[in-house]
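Engineer: Need coordinates for the below:
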Amino acid sequence: MNQKIVGVFIAALGVAGCMSMGSADVGGKPVDKTYAAGSPSGGIPLTAIWAPEILLRGGALQLTLGNERLLAGVVAILAAWRFRLTYLTIAAGMVALHLLAAGDAAAAEAPRKVAAIEGVTEYRLDNGLRVLSVPDPAADTVTVHVTYLVGSRQEGYGERGMAHLLEHMLFKGSRRHPDIKRELAVRGARWNGTTAYDRTNYYETMPASEANLDWALDMEADRMVGSFIARADLESEMSVVRNELERGENDPGAVLFQRTLQLAYAWHNYGHPVIGARSDIENVPIARLQAFYRTWYRPDNAVLIVAGRFDPARALERVRQTFGAIPRPARALPALYTEEPAQDGARSVTLRRRGEAPIVTALYRIPAGSHPDYPALDVLVSLLGNTPSGRLHRALVQKGLASYAWASERALHDPGFASFGAGLPIFAKPLSPQRKRRLIVFAF
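Structural biologist: Predicted structure coming up:
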């Protein structure tokens with residue numbers, strides 16, 4: 001048989017495969033096919049783009065194939081090229097790539113409704129992404145908010161501050177949005193990102209319009225898996241984070257709080273500052289930061305919130321087209337199992353710094369935010385710390401024993417803490433033992 005006829009036949013089969021094949025699945029769940037060279041942790045999902053990409057990440061050359069459409073398209077192109085079918089090669093490539101993009105969008109099923117309460121509706125995508133829709137027709141803005149369930153709790157040895165540093169890096173650009181800050185400014189957006197113990201979040205609030213919402217969803221989906229995380233950006237952003245670290249080191253109240261946390265959590269990561277350790281921030285290898293990004297930034301570890309004035313049905317369709325095209329990685333999320341043991345007695349710390357305004361604080365370990373007792377603790381802390389009606393304000397500030405008082409708590413993934421304290425006035429004379437005892441009795 002003529003070789004060109006064979007080539008035409010194989011190429012046609014490949015294009016037909018592009019048209020007919022859907023995402024592979026096992027037991028009704030999509031399977032992410034990742035092919036990597038030199039990387040034990042797998043590759044980066046790339047099915048949200050038009051063609052397969054070769055990426056250099058941490059010294060590993062990685063090619064990710066999201067579904068059979070991509071593989072069939074490659075077969076069509078290679079077959080046409082092998083048998084010298086120049087025009088067919090071009091045609092097969094165009095058709096295969098077009099059908100790949102269309103096929104990925106079609107393969108993503110519509111978000112499934114999970115629950116609805118008080119105007120908030122929760123949906124779930126096949127790739128694990130949780131979506132909260134909060135429409136408000138009276139608003140004149142629309143907000144897109146993405147929370148990743150990763151914070152300082154997930155950091156390992158040598159990684160103190162990596163979650164916060166990565167938050168900064170995600171504003172340095174992605175494949176389809178290389179200058180995110182400029183694009184935000186053009187749209188008149190209010191935006192920010194924050195990092196805490198259990199999560200990292202990003203949001204942008206813009207004038208309500210379909211164009212702004214479409215852009216925000218596309219940008220957030222793109223930087224979920226396509227952020228540059230480049231060495232040059234790390235060198236410049238590291239100095240910004242270091243400045244934040246130094247501001248905290250110059251705040252006696254912040255230092256006292258951190259010393260107290262270190263006493264309360266000898267083993268758990270809650271005892272480490274979210275901002276991180278100076279040595280880790282200054283010396284973190286780019287490959288390790290990239291690996292942290294690939295491990296935790298994924299649809300099944302994120303929550304997307306769309307709020308404000310928007311069409312809910314249209315917004316869900318855009319979510320399906322943008323985020324739904326990102327496959328769930330085959331690798332499981334790392335399991336964390338460190339638990340802080342029961343505390344064996346009271347612990348105390350004394351911090352001595354130059355200055356004339358003493359601070360006293362007390363910290364108590366409390367159940368996790370998911371514990372049935374937590375709501376009662378939340379109310380209790382509000383009753384104690386509210387100004388001016390709170391118990392601490394009335395007992396300490398109104399009686400002249402303190403300049404200010406506070407109470408706070410954290411709803412954390414693991415057992416967390418509640419903190420209480422007061423800033424003492426500058427007395428002409430040192431506090432007498434009787435006044436010290438009175439202050440402690442009133443406060444705690």
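Engineer: Give the residue spans of the chain that score low on pLDDT.
Structural biologist: For the chain, the stretches with pLDDT under 70 are 1-108, 427-444.
Engineer: make it 80
Structural biologist: Applying pLDDT under 80 to the chain flags the ranges 1-108, 354-356, 426-444.
Engineer: got the residue ranges for the helices in it?
Structural biologist: Assigned by DSSP state H, the helices in the chain fall at 3-20, 68-82, 86-107, 162-169, 180-186, 210-225, 231-249, 252-264, 278-283, 286-296, 312-322, 374-385, 391-392, 433-443.
Engineer: how distant is stretch 276-295 from the center of its chain?
Structural biologist: 15 Å (C-alpha atoms, centre = their mean, to the nearest Å).
Engineer: Then stretch 206-225?
Structural biologist: 16 Å.
Engineer: in it, what counts as buried?
Structural biologist: For stretch 206-225, burial by neighbour count (16 or more other C-beta atoms under 10 Å) applies to 206, 208, 212-213, 215-225. Where you see a C-beta, it was placed from the backbone N, CA and C, and this is true even at glycine.
Engineer: what's near enough to touch the closest residue to L129 other than its chain neighbours?
Structural biologist: Once flanking residues are discounted, L129 sits nearest to P299: 4.0 Å by C-beta to C-beta, 6 or more residues apart in numbering. Residues near P299 by C-beta atoms under 8 Å, 6 or more residues apart in numbering: L125, N127, G128, L129, M224, F323, I326, R328.
Engineer: Look at the closest residue to the last one other than its chain neighbours and say how many residues are nearby.
Structural biologist: The one in question is R328. Closest residue in space to R328, ignoring its immediate chain neighbours: N127 at 4.2 Å, by C-beta to C-beta, 6+ apart. N127: 22 surrounding residues under other C-beta atoms under 10 Å.
Engineer: quick one: N127 and Q290, what's the gap?
Structural biologist: Shown here: N127 relative to Q290, a distance of 21 Å by C-beta to C-beta, to the nearest Å.
Engineer: Who are the contact partners of the residue nearest to A266 when sequence neighbours are not counted?
Structural biologist: Spatially, and ignoring its direct neighbours in sequence, A266 is nearest to E340 (7.2 Å; C-beta to C-beta, 6+ apart). Contact partners of E340, counting by C-beta under 8 Å, 6+ apart, are A264, Y265, A266, W267, H268, Y270, R365, D414, P415.
Engineer: Tell me the one of those nearest D344?
Structural biologist: Nearest to D344 among the contacts of E340, counting by C-beta to C-beta, is A266 at 10.8 Å.
Engineer: Distance of T194 relative to R318?
Structural biologist: Distance from T194 to R318, counting by C-beta to C-beta: 25 Å.
Engineer: So between those two, which is more surrounded?
Structural biologist: With other C-beta under 10 Å as the criterion, T194 and R318 differ in neighbour count, and R318 comes out ahead with 20 against 14.
Engineer: Verify the stated contact: that one with L217.
Structural biologist: Yes. With contact defined as C-beta atoms under 8 Å, R318 counts as touching L217 (5.2 Å).
Engineer: Please name the nearest non-neighbouring residue to F228.
Structural biologist: Taking C-beta to C-beta, 6+ apart, and ignoring the residues beside it in sequence, F228 has G173 as its nearest neighbour in space, at 5.2 Å.
Engineer: my read: the one you found touches A232, true?
Structural biologist: No. If you go by C-beta under 8 Å, G173 and A232 don't touch, sitting 11.0 Å apart.
Engineer: More neighbours: which of these two?
Structural biologist: G173 (22 against 10).
Engineer: Please give me every residue in contact with the nearest residue to A302 once chain neighbours are set aside.
Structural biologist: By the measure of C-beta to C-beta, 6+ apart, the closest residue to A302 outside its immediate chain neighbours is Y148, 5.1 Å from it. By C-beta under 8 Å, 6+ apart, the residues touching Y148 are R199, T200, N201, W296, Y297, N301, A302.
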